[in-house]
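Visitor: Provide a 3D model corresponding to the input given below.
(one chain, ligands or ions: 1)
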Amino acid sequence: MLLSPAGVDQLREALTAARYTSSGIAERLGSRATSGLARNDFRAALRATMDRDPLATLIRLFVCGQTEPEAAVRAALAPLPLAEALAGGLVEPYGDGLRQGVDLEPYGDNWWVLSDVPASARPGRPLPPDHVLGIGGASTTLLGATIRRPVATALDLGTGSGVQALHLTEHARSVTATDISDRALRFAATTAALNGYRWELLKGDLVAPVAGRRFDLVVSNPPFVVGPGTATHSYRDSGRVGDGIAAELAAAAPDLLTEGGTMQYLANWLHVAGEDWGERVAGWFTGTGLDAWVVQREVAEPMAYVDLWLTDAGEAPDPDRIAAWLDWFDAHKVEAIGFGLISLRRGGHDDPVVRVEDLRQQVQPPMGEQIAAWFDRQDWLRARDEDRLLATRFRAADGLRLRQEAAMGDEGWVVDRQVLVMSHGLRWSEEVDPLVLALVGGANGQVPLRDQLAVLALAHDVPAEDLAEAAGPIVAHLVERGILVPVAD
Ligand SMILES: C[S@@+](CC[C@H](N)C(=O)[O-])C[C@H]1O[C@@H](n2cnc3c(N)ncnc32)[C@H](O)[C@@H]1O
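Guide: Residues are numbered from 1 along each chain as shown. Purely as a prediction, here's the structure:
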């Protein structure tokens, strides 16, 4: 840990007494200054904290990144001795006072998360190789996508500050977290202790520290950056070539999960010229026996990608480094880099479902519940043969909308494109033909699918058996996407 166990208790006492929590800070600063913080505009917050009582000093130090007088810092951290705070790197001498040595972020209702000071707060100073990442965009993407159902055992691979483990504590009876970096493990241990939690913290490369063990839920925001395999920063570089880390985690998943267990991780993958990126990624799950759902949320072209990650680490643009990275992409025919979430489930089926899809539209959070529902729908479908599907009554999803495109013809408007759009959740859109549209439109939960199809066959003058046969996969697809909802028997 960064501090002794007694020091962590003393720090918690200081933070609690001062009300250095999200709500305590918001109340102290008022809405205008608080909303300024979100834009890194600290002017109003600094005006509101001139009197330097303990809460004011903590806000100035750890939220606004100011250098504060030693006496004020000593008083704000008491009963934690200032000498221990300095030795643990919590604060550091700077100019004529002290400034933050770490990021100490009030998080959620009553949590604190410790991480390294971000690059943006130390302009011109590149991040050290073992920089411990704070709560960033990727962290929150995974947090929102994690299935939050109660589990016995959970694992966070590459825990860093411990933010994923913190949330796992709310719905897992035991939490294990790993990291390759000693520094990260010290931060995670301090985050756990400061919040009064006990996690099993293990050091090692990816799944090595938990070899032979299984978990009900595994989450990972790994160092997923793709490229030649150069490793300069542990928070982003795995040392694996290309998108090897994502493939490696896929291969490790079957031995890591309990029966029914779920693994969710973030990944970058390569779009290689002449290859279908989806097929390439789906190939990682061949033979794993896992249900897999991969959703691509972003796509970047190589130059923008390299630029993003060099800026992220506060690195000065180094033409040789940029050229080497881009040359590797060129040599491997990489046209773009996808980013997204991989959700895997060990369902113990002989016929696992593997879906890879582009989901770059705005989705309605939290995604975790939608992902859980997707796996539930796979179970529902798997338990039904064609006969049972035809005997099921369906209704159309709530809030379903129809978008039409029409062209002006000789006799007026001719509709040439019809798209069903889910107005909530994952906001799927699905181009449909008039027959499918009629099927969905007629799904009112009253009659079994078989009877609905018979009416449609008559109306569209097609043989009922042909329609029933063709409808199976279409209905299954619409159920998978939640567009058709089975009504309980
Ligand atoms: C992107 S950070 C994620 C931190 C945190 N879990 C989050 O969501 O914000 C990746 C973490 O993985 C760790 N890491 C890097 N390489 C690793 C490896 N080979 N095995 C285990 N952990 C690794 C890094 O030290 C870092 O803490």
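
Visitor: Domain-wise, how is the protein divided?
Guide: 5-100, 137-381, 386-486 (automatic domain parsing).

Visitor: Other residues contacting the host helix or strand of E92?
Guide: For E92, the host element (DSSP states H and E) is strand 91-94. For strand 91-94, the surrounding residues in contact (CB atoms under 8 Å, 6 or more residues apart in numbering) are L61, T67, V73, L77, L82, A85, L86, L98, R99, Q100, G101. Quick note: C-beta positions are derived from backbone N, CA and C, even for glycine.

Visitor: Including secondary structure, could those residues go into JSON lines?
Guide: Output for the contacts of strand 91-94, formatted as JSON lines (DSSP: H, G, I helix; E, B strand; the rest coil):
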{"residue": "L61", "secondary structure": "helix"}
{"residue": "T67", "secondary structure": "coil"}
{"residue": "V73", "secondary structure": "helix"}
{"residue": "L77", "secondary structure": "helix"}
{"residue": "L82", "secondary structure": "helix"}
{"residue": "A85", "secondary structure": "helix"}
{"residue": "L86", "secondary structure": "helix"}
{"residue": "L98", "secondary structure": "strand"}
{"residue": "R99", "secondary structure": "strand"}
{"residue": "Q100", "secondary structure": "strand"}
{"residue": "G101", "secondary structure": "coil"}
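
Visitor: Redo those as CSV? Include neighbour count and distance to V485.
Guide: CSV is the format used below for the contacts of strand 91-94 (neighbours: other CB atoms under 10 Å; distance: CB to CB, whole Å):
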residue, neighbour count, distance to V485
L61, 26, 52
T67, 17, 58
V73, 26, 58
L77, 27, 55
L82, 18, 61
A85, 26, 56
L86, 17, 60
L98, 26, 59
R99, 20, 56
Q100, 24, 51
G101, 19, 53
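
Visitor: any idea which helix or strand comes after the helix or strand L166 falls within?
Guide: Element membership for L166, per DSSP H and E: helix 163-168. The helix or strand immediately downstream of helix 163-168 is strand 172-179, counting by DSSP H and E.

Visitor: near the ligand at all, that following strand?
Guide: Yes. Strand 172-179 comes into contact with the ligand (CB under 6 Å from any ligand atom), by way of T178, D179.

Visitor: mind checking the longest strand of the chain?
Guide: strand 257-272 (DSSP state E).

Visitor: May I see the buried residues of it?
Guide: For strand 257-272, a neighbour-count test (16 or more other CB atoms under 10 Å) marks 257-258, 261-272 as buried.

Visitor: Is the ligand within reach of that strand?
Guide: No. Counting by CB under 6 Å from any ligand atom, the ligand has no neighbours in strand 257-272; the shortest distance is 8.1 Å.

Visitor: got a markdown table for the buried residues of strand 257-272, with pLDDT too?
Guide: Formatted as a markdown table, the buried residues of strand 257-272 follow (pLDDT from 0 to 100):
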| residue | pLDDT |
| --- | --- |
| L257 | 98 |
| T258 | 98 |
| G261 | 98 |
| T262 | 98 |
| M263 | 98 |
| Q264 | 98 |
| Y265 | 98 |
| L266 | 98 |
| A267 | 98 |
| N268 | 98 |
| W269 | 98 |
| L270 | 98 |
| H271 | 98 |
| V272 | 98 |
